[in-house]
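Novice: Everything below, folded, please.
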Amino acid sequence: MNKHHESTGPAGEQQITLRGPAELADALPYLMGFYPNDSVVMVALHGGQGRFGGRLRLGIPQAPGEWGPVADQLAECLVSGSERREGRPDAIVLFLCQDSPDGAGGRQTMERLRPFAQRLRTACGALDVPVLEALCISDGRYWSYCCPDPRCCPDQGNPLAMPGTTVMAAAATYAGVHVRGTLRDMEARLQPLRTPAAVRAQEKALDRVGTALLPRLLDERARRDVAGETLRLARRLMDRIEEAQPAPPALSDAGDDQLIGSEEAAAVILGLQDRETRDRAAAWMEGPEAQAALRLWRTLARRCVAPYGEHAAAPLTLAGWVSWSTGDEPGARVALALALRADPDYTFAQLLHRACNEGLDPEALRRCLREATEEDTGVGAEAPEAVVETVADRGAVPLHVRKVRPLPGGGGRRGRAPRPPGTDRGKASPGSTCPRTPVTGRRTRDARRYGRRGSRTRR
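Specialist: You can find the predicted model right below:
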């Protein structure tokens, strides 16, 4: 289960009247900006006419034993979040979206998820907010959990409308609202390479570059040189991407992968583990360079192959920041959620994810980064995180970041350094994202301290 939920602020001002479950089901991808796979979506309604308010999405828990606690938490999150922004909702509409494994068992999926839908309805009712409609969308059909009339809601379900043929589709096109494909497709653009040969090549490159960088990262003066080299290389890669012939969307990612070598990707990935280097790279957020930067961060995220999966938090967070800064909130939420999946304690991703979901304006952070770029002194150690928290305070929206559990012996959270040569990889514990590496020798202990000195703690 993805522990980081996604929500959005109020809908736009254009008024569209939706009548019945069919039009609600058709409206879902336009409300979210994508087709949510394997997701529970809850939408707040306000006023007598049911104006759409905040939205919340979460991956459907695989274990039925989790459905009760998750339902309680989702209901509380949506209601409390709506109260902060628009007032207490008058009703809620919920969607359970999950296709069957073989594409022919939509009804079985609907029945399997019925207890979850009922638990969600009960959780909302306990907060005195009724569920107006609960729909299951599976295998191109939809079912209502609220309507008992087989004449309009038959046992075999109703087919979804053809894309682009409804009033919601016409209104969305007129308003410039675009559906970016399925959630699964959006996540696939940011997930690690899977081709065995490409994975082996990138892993070896990360090992080699890490071996060369490790002694320099442990030296304060040399570390500053590494930061400059990382940013210059990243800039060259952005220029290379921008100068390449444009490719169709379906082929653009593959083309970007071919433009960047394994050694180049490894050097930038490892360099971005330094927080100040990452913050300076975040200044590439506007104009033509924003799209080149976004393509670079996506490419680097795909190069964070196991056992370097946690290193993806930095490029994924940068991808989420650029997406949010350029107005692509659905893309930002997907990238930031994946960053938190890679490293749940990554502070910058936590703050951006929450700020984006709360509907805050990214301009304050953009202004901070512009000023730092003009001064050419880099970004202060706490600048991005502090700015997001300050904006939240001004908007009366509390942003609470979960404190990191202390390590044994009273140590704090340590930054990540390249793995030194000769260190065997241990097996991953159940549910972990990165295999455990035994700590052996002084050099390894020094490497694990990378990021603790001064203000460069990796966050």
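Novice: What pLDDT is listed against E203?
Specialist: Looking at E203, its pLDDT reads 97.
Novice: helix or strand for C136, which one?
Specialist: C136 belongs to strand 131-138 when assigned by DSSP states H and E.
Novice: any idea how far that strand is from the chain center?
Specialist: 25 Å (CA atoms, centre = their mean, to the nearest Å).
Novice: which neighbours does that strand have in its sheet, and in what orientation?
Specialist: The pairing partners recorded for strand 131-138 under DSSP bridges are strand 91-97 (parallel), strand 141-144 (antiparallel).
Novice: Just the C-alpha atoms of stretch 311-322, please, in PDB.
Specialist: Provided in PDB are the C-alpha atoms of stretch 311-322 (Å, rounded to 0.1, in the frame of the first residue of the first chain):
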ATOM      1  CA  HIS A 311      18.900   7.300  -4.400                       C
ATOM      2  CA  ALA A 312      15.900   8.000  -6.700                       C
ATOM      3  CA  ALA A 313      14.400  10.200  -4.000                       C
ATOM      4  CA  ALA A 314      16.500  13.200  -5.100                       C
ATOM      5  CA  PRO A 315      15.700  13.100  -8.900                       C
ATOM      6  CA  LEU A 316      12.100  12.200  -8.300                       C
ATOM      7  CA  THR A 317      11.700  15.100  -5.900                       C
ATOM      8  CA  LEU A 318      13.200  17.400  -8.400                       C
ATOM      9  CA  ALA A 319      10.900  16.000 -11.100                       C
ATOM     10  CA  GLY A 320       7.900  16.600  -8.800                       C
ATOM     11  CA  TRP A 321       9.100  20.200  -8.000                       C
ATOM     12  CA  VAL A 322       9.500  21.100 -11.700                       C
END
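Novice: same question for that stretch, mean pLDDT?
Specialist: Stretch 311-322 comes out at a mean pLDDT of 97.
Novice: Can we start the residue count at 50 from this point?
Specialist: In the new numbering, first residue 50, that becomes stretch 360-371.
Novice: Name the surrounding residues that touch the longest helix seen in the chain.
Specialist: Under DSSP state H, the helix in the chain containing the largest number of residues is helix 269-292. Residues outside helix 269-292 that contact it (CB atoms under 8 Å, 6 or more residues apart in numbering): 262, 264-266, 305, 308-309, 313, 316-317, 320-321, 323, 325-326, 329-330, 333, 337-338, 340-342, 344-345, 348, 502-503, 505. For the C-beta atoms, the positions are set from N, CA and C on the backbone; glycine is no exception.
Novice: Show the buried residues in those.
Specialist: 262, 266, 305, 309, 313, 316-317, 320-321, 323, 325-326, 329-330, 333, 338, 341-342, 344-345, 348, 505 (16 or more other CB atoms under 10 Å).
Novice: Quick one: low-confidence residue ranges for this structure.
Specialist: Applying pLDDT under 70 to the chain flags residues 50-68, 152, 211-226, 298-299, 424-508.
Novice: quick one, which residue of it lies the farthest from its center?
Specialist: R200 (40.6 Å; CA atoms, centre = their mean).
Novice: Is it correct that that one falls within a helix?
Specialist: No - counting by DSSP: H, G, I helix; E, B strand; the rest coil, one finds R200 to be coil, located in no helix.
Novice: Now it: phi and psi?
Specialist: phi -70, psi -30 (degrees, to the nearest 10).
Novice: what does R243 give?
Specialist: Per degrees, to the nearest 10, the backbone of R243 is at phi -120, psi -20.
Novice: Now for it, how many residues are close by?
Specialist: Counted by other CB atoms under 10 Å, the residues lying close to R243 total 10.
Novice: Out of the buried ones among the contacts of helix 269-292, which sit inside helices?
Specialist: Per DSSP H, these map to helices at 262, 266, 305, 313, 316-317, 320, 325-326, 329-330, 338, 341-342, 344-345, 348.
Novice: returning to what we had before: which stretch among the strands paired with strand 180-187 comes nearest R382?
Specialist: With respect to R382, and counting by CB to CB, the nearest of the strands paired with strand 180-187 is strand 140-146 at 16.0 Å.
Novice: can you give me the helices in the stretch 100-249 of the chain?
Specialist: 116-134, 155-175, 216-224, 232-237, 245-266 (DSSP state H, counting those that start in this stretch).
Novice: Hmm, I typed the wrong one, I wanted the stretch 300-449 of the chain.
Specialist: Under DSSP H, counting those that start in this stretch, the stretch 300-449 of the chain gives helices at 311-320, 324-330, 336-351, 362-374, 378-391, 396-406, 412-424, 432-443.
Novice: before we move on, the earlier item: nearest to S301, of the helices of the stretch 100-249 of the chain?
Specialist: Comparing the helices of the stretch 100-249 of the chain against S301 with CB to CB, the closest turns out to be helix 232-237 (13.0 Å).
Novice: what helices or strands is that closest one leaning on?
Specialist: When contacts are defined as 3 or more CB pairs under 8 Å, 6 or more residues apart in numbering; DSSP states H and E, helix 232-237 sits against helix 378-391.
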